[in-house]
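In: sharing a sequence plus its predicted fold:
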Amino acid sequence: MEERKAKGETVKGSAGKDLISNLPDALISQMLLYLPTKEAVRTSVLSNRWKSLWLLIPEFDLASTEFSDYTASFVCFMDRLLGFCRLEKSCLHKLKLSVRKDGNDQVCVTRWIDFVATPNLKHLDVEFVGPVKRECLEVMPLSLYVCETLLYLRLHRVLLDNFKSVSLTRLKTLHLEENEYANEAGPELLISSCPVLEDLSIVRRPDDNAKVLRVNSQTLTSLSIEVGGRDDEDDEGFDEDNSVVLIDAPRLKYLNFEDEVSHSKIISNSGSLTKVNIVGDFSLWEDKLQMRKFFTSISGVKDMKLSWRAFEVIDTIMPLPQFCNLSCLEAELYSASMEDLPTYLESFPNLKSLTLDVLYCTMREEVRLSLVPQCLLSSLEFVEIKGIFWGAPTKMEVVARYFAENAVVLKKLVLRCGGSVLVQDSISRDLFALLKRSTTCQIILC
């Protein structure tokens, strides 16, 4: 019976009666919510009773690629659906549209969004998949910016044209991905006009017309900024030198920064930060003072992840500010920078967990690690070292010995060593010979 329900088939009692069809429309529409939209629509062929029941569903997840033709099939379906919603005054709460079209297809999504942006809409997800030329981007209607019931909004590869009024009083989650804006004032106004916004994700295009990205929010707790795709034909006139990111979010707790384009990144009022992921290419910055200000602005963080690009620039601005609250650090670094590791660790006096992803471990020269930072003497409990070693395993052995012999409270040392079998066997043999400062330390080779 359960299997038949999942397929949308009717269930009959012992007397041959259709029990489900006798249920109220509202209850059946709630049952159809548990089916994928495509399967829910297929229930219309069961009987006259079921012909229009799927149209009462308050949530739809639709992709144009599931239709045989964009104009004749997908557009007609959407027009029929919204036409029914207009006649029956249905409560459409959630709509997800995934659209693939070319330059010859109709501009329909704009008017569809204009129609559904009513006081009933709570969740809207609109994405255009595949390559979309700039002249073919669909414009979001003005009604979207004043849809006061929206809780969640995701826009992918659309145009946010000129708008002067924003009233998204209940919006908590906003994802802006590879969109284009009339000017840089657009995203700033949109973000700052959401009084309860908590989760913001921005995937930028270098050619999005927002050279200065300002994130100003008194309620934001989670922020992710990345740089997405880039079309060569859209790059004319783009000035990377003036690309800036400004963040003013006093309640921000999580920051993901994967921006290798902006020449300046400034964070103010970020005292609540607890977790940071930095992937940006800080080598673009010519002003070392700005680099230091950036790292100082996140010095209160508790959990931090740094790419090799971000970690590489640390050497140019030493000494770093003290990250006294940092307990967990994950970082990529080149094997050539390994000797500087103890100096870097002096900036993290209370570090408890350290994960190192060592890149290009092919050098055979000896590594000398003599300085013992405060965290090894008092707080470091877990160390994981990852790397692929195709040459002699000298550096892995030296680093493992350094932590084993100097970390007073170390509980676990994990070595994830890829490479030749001979290298792995050599490291495995040497592990048994390590002298451990901490009697409770467990050494694991993966």
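Out: Here it is on my side, so go on.
In: ok, which stretches of the stretch 51-200 of the chain are helices?
Out: Assigned by DSSP state H, counting those that start in this stretch, the helices in the stretch 51-200 of the chain fall at 76-88, 109-116, 185-192.
In: looking at those helices, which is closest to residue 103?
Out: helix 109-116 (14.3 Å; Cβ to Cβ). Where you see a C-beta, it was placed from the backbone N, CA and C, and this is true even at glycine.
In: so for the closest one, mean pLDDT?
Out: Over the span of helix 109-116, the pLDDT mean works out to 93.
In: can I get it as PDB, trimmed to CA atoms?
Out: Output of helix 109-116 as PDB, limited to C-alpha atoms (Å, rounded to 0.1, in the frame of the first residue of the first chain):
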ATOM      1  CA  VAL A 109      10.400  34.600 -16.000                       C
ATOM      2  CA  THR A 110      10.100  38.300 -15.200                       C
ATOM      3  CA  ARG A 111       6.300  38.300 -15.400                       C
ATOM      4  CA  TRP A 112       6.100  34.900 -13.600                       C
ATOM      5  CA  ILE A 113       8.000  36.300 -10.600                       C
ATOM      6  CA  ASP A 114       5.900  39.500 -10.800                       C
ATOM      7  CA  PHE A 115       2.800  37.300 -10.400                       C
ATOM      8  CA  VAL A 116       4.000  35.100  -7.600                       C
END
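In: what residues of that helix count as buried?
Out: 109, 112, 113, 115, 116 (16 or more other Cβ atoms under 10 Å).
In: circling back: worst mean pLDDT among the helices of the stretch 51-200 of the chain?
Out: Of all these, helix 76-88 has the smallest average pLDDT, which comes to a mean of 79.
In: how far off helix 109-116 does that helix point, in degrees?
Out: 20 degrees (axes from the mean of the first three to the mean of the last three Cα atoms, to 10 degrees).
In: how many residues are close by residue 265?
Out: Residues lying near residue 265 (other Cβ atoms under 10 Å) number 24.
In: could you measure from it over to residue 311?
Out: In this view, residue 265 and residue 311 are 16 Å apart by Cβ to Cβ, to the nearest Å.
In: run a quick neighbour tally on residue 324.
Out: Using other Cβ under 10 Å, residue 324 has 11 other residues around it.
In: circling back to that earlier point, adding distance to residue 150, write the helices of the stretch 51-200 of the chain out as JSON lines.
Out: Converted to JSON lines, the helices of the stretch 51-200 of the chain look like this (distance: least, Cβ to Cβ, whole Å):
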{"stretch": "helix 76-88", "distance to residue 150": "17"}
{"stretch": "helix 109-116", "distance to residue 150": "11"}
{"stretch": "helix 185-192", "distance to residue 150": "12"}
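In: right, and these - which one's nearest residue 445?
Out: Comparing those by Cβ to Cβ, helix 185-192 comes nearest, at 47.7 Å.
In: picking that back up, right, and the helices of the stretch 51-200 of the chain - which one's nearest residue 95?
Out: Using Cβ to Cβ, those put helix 109-116 closest to residue 95, at 5.5 Å.
In: so how far is that closest one from its chain's centroid?
Out: 27 Å (Cα atoms, centre = their mean, to the nearest Å).
In: same question, stretch 60-67
Out: Distance of stretch 60-67 from the chain centroid (Cα atoms, centre = their mean) equals 24 Å.
In: hey, C-alpha coordinates of it in PDB?
Out: What follows is stretch 60-67, C-alpha atoms only, in PDB (Å, rounded to 0.1, in the frame of the first residue of the first chain):
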ATOM      1  CA  PHE A  60       6.500  23.700  -6.800                       C
ATOM      2  CA  ASP A  61      10.000  22.700  -7.900                       C
ATOM      3  CA  LEU A  62      10.200  23.000 -11.700                       C
ATOM      4  CA  ALA A  63      13.100  22.700 -14.200                       C
ATOM      5  CA  SER A  64      12.700  23.600 -17.900                       C
ATOM      6  CA  THR A  65      15.000  20.800 -18.900                       C
ATOM      7  CA  GLU A  66      12.400  18.300 -17.800                       C
ATOM      8  CA  PHE A  67      10.100  19.500 -20.600                       C
END
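In: buried residues, it. List them.
Out: Across stretch 60-67, burial judged by 16+ other Cβ under 10 Å covers 60, 62, 63, 64, 67.
In: stretch 340-347 too?
Out: Quick answer for stretch 340-347 (16+ other Cβ under 10 Å): 340, 341, 342, 344, 345, 346, 347.
In: secondary structure of residue 289: a helix, I assume?
Out: Yes: counting by DSSP: H, G, I helix; E, B strand; the rest coil, residue 289 falls inside a helix.
In: tell me the pLDDT at it?
Out: 79.
In: what about it, distance to residue 313?
Out: On the measure of Cβ to Cβ, residue 289 and residue 313 end up 13 Å apart.
In: neighbour count for these two, which is higher?
Out: residue 313 (20 against 9).
In: I figured the more buried one hits residue 291, correct?
Out: Yes: here residue 313 reaches residue 291: they are 6.3 Å apart, a contact under Cβ atoms under 8 Å.
In: what residue ranges in the stretch 151-300 of the chain score low on pLDDT?
Out: In the predicted model, the stretch 151-300 of the chain carries pLDDT under 70 at residues 228-242, 260-264, 269-271, 280-287.
In: gap between the most centrally placed residue in the chain and residue 255?
Out: Among the residues of the chain, residue 224 comes closest to the average C-alpha position under Cα atoms, centre = their mean, at 5.8 Å. The gap separating residue 224 from residue 255 is 8 Å, by Cβ to Cβ.
In: could you pull out the strands for the stretch 51-200 of the chain?
Out: Applying DSSP state E, counting those that start in this stretch to the stretch 51-200 of the chain gives strands spanning 59-63, 94-99, 123-128, 152-156, 159-160, 173-177, 180-181, 199-204.
In: rebuild those as JSON lines, extending it with distance to residue 444.
Out: Listed next are the strands of the stretch 51-200 of the chain as JSON lines, based on distance: least, Cβ to Cβ, whole Å:
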{"stretch": "strand 59-63", "distance to residue 444": "44"}
{"stretch": "strand 94-99", "distance to residue 444": "44"}
{"stretch": "strand 123-128", "distance to residue 444": "43"}
{"stretch": "strand 152-156", "distance to residue 444": "41"}
{"stretch": "strand 159-160", "distance to residue 444": "51"}
{"stretch": "strand 173-177", "distance to residue 444": "39"}
{"stretch": "strand 180-181", "distance to residue 444": "49"}
{"stretch": "strand 199-204", "distance to residue 444": "36"}
